[in-house]
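Colleague: Test case, fold it:
(one chain, ligands or ions: 1)
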Amino acid sequence: MATFEYKGVVLEERDCPHCKTRLEPWVGPPDSGWGVILVCNNNECEYYAGSKDDIMHRREDSNLGCRYAEDPDNKYNSLALVAWCK
Ligand SMILES: [Zn+2]
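Modeller: Numbering: from 1, shown residues only. Just a heads-up that it's a prediction; the model follows:
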């Protein structure tokens with residue numbers, strides 16, 4: 001498994017299982033409890049595109065969606081990162 005270094009953290013090079021896009025490193029907000037996580041930033045990703053209706057109590061004008069992400073600090077377990085649509 002190929003690895004790379006990002007902000008001093010060694011990470012595996014991982015691909016999104018949904019769209020095969022290379023996951024990009026991203027530093028979580030300080031209050032999230034995350035360190036560096038890997039995120040699928042592909043707006044065409046089926047995981048992202050299909051998630052909008054799954055968020056409960058979503059406001060009509062909300063642009064929130066869930067991106068596929070993996071947490072290297074937790075054995076690369078997958079997680080849903082709620083993010084603003086760009
Ligand atoms: Zn994806």
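Colleague: residue ranges with poor pLDDT in this structure?
Modeller: Residues of the chain meeting the criterion pLDDT under 70: 51-64, 84-86.
Colleague: Do a quick rundown of the helices in it.
Modeller: For the chain, helices defined by DSSP state H occupy the ranges 46-49.
Colleague: Close to the ion: what parts of it are there?
Modeller: When proximity is defined as C-beta under 5 Å from the ion, the chain approaches the ion at 16, 18-19, 40, 42, 45, 68. The C-beta positions use only the backbone N, C-alpha and C, and glycine is treated the same way.
Colleague: Could you give the number of residues near Ala80?
Modeller: 15 (other C-beta atoms under 10 Å).
Colleague: On the strand side of things, show who it bridges to.
Modeller: Tyr68 (DSSP bridges).
Colleague: Isn't it up against Cys66?
Modeller: Yes: between Ala80 and Cys66 there is a contact under C-beta atoms under 8 Å: 4.1 Å.
Colleague: List the residues that contact Cys19.
Modeller: 40, 42, 44-47 (C-beta atoms under 8 Å, 6 or more residues apart in numbering).
Colleague: Can I get the buried ones among those residues as something I can paste into ChimeraX?
Modeller: Buried residues within the contacts of Cys19, by 16 or more other C-beta atoms under 10 Å, are selected in ChimeraX with:
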select :40,42,45,47
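Colleague: what's the closest non-adjacent residue to Glu5?
Modeller: Once flanking residues are discounted, Glu5 sits nearest to Leu11: 7.4 Å by C-beta to C-beta, 6 or more residues apart in numbering.
Colleague: What is the neighbour count of that neighbour?
Modeller: 19.
Colleague: Thought Ala2 was touching it, still the case?
Modeller: No: between Leu11 and Ala2 no contact is recorded; they are 9.9 Å apart, counting by C-beta under 8 Å.
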